[in-house]
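K.L.:
my questions are about this predicted structure, shown below with the sequence.
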Amino acid sequence: MTDDGTAAAAATGTLGYEQARDELIEVVRRLEAGGTTLEESLALWERGEELAKVCRHWLEGARARLDAALAHPQDGDDDEG
């Protein structure tokens, strides 16, 4: 089972934000629906944690890019007045 978890974590690193978000939504839906064994629920929870980390990474990167863009307006904007 550890190999599956390792493979899933490695695969998670290649996901884009939208893919990770969509899969996370599905994981949450399955957990909320119930009907899974304890082991299945734990595996889903662990996958959800990994997907949340991917989403958080993408969002933090986007925030950093926005902050950088706002801190350094394009050159020449004020010169053409």
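P.N.:
Arrived safely.

K.L.:
report the central residue of the protein.
P.N.:
residue 55 (1.7 Å; CA atoms, centre = their mean).

K.L.:
isn't that residue right up against residue 24?
P.N.:
Yes: the pair residue 55 / residue 24 is scored as a contact, 6.5 Å apart, by CB atoms under 8 Å. No exception for glycine: its C-beta is placed from N, CA and C like everyone else's.

K.L.:
just checking, what packs against the host helix or strand of residue 54?
P.N.:
In this assignment (DSSP states H and E), residue 54 forms part of helix 38-71. Helices and strands touching helix 38-71, by 3 or more CB pairs under 8 Å, 6 or more residues apart in numbering; DSSP states H and E, are helix 2-12, helix 17-33.

K.L.:
can you flag the weakest of the ones you listed by average pLDDT?
P.N.:
Lowest mean pLDDT of the helices and strands packed on helix 38-71: helix 2-12, a mean of 50.

K.L.:
what about residue 72, how many residues nearby?
P.N.:
Residues near residue 72, counting by other CB atoms under 10 Å, number 8.

K.L.:
okay, it and residue 59: tell me how far apart.
P.N.:
Plainly put, residue 72 is 21 Å away from residue 59 if you go by CB to CB, to the nearest Å.

K.L.:
try residue 48
P.N.:
In terms of CB to CB, residue 48 sits 16 Å off from residue 59.

K.L.:
and those two? Which one has more around it.
P.N.:
residue 48 (18 against 12).
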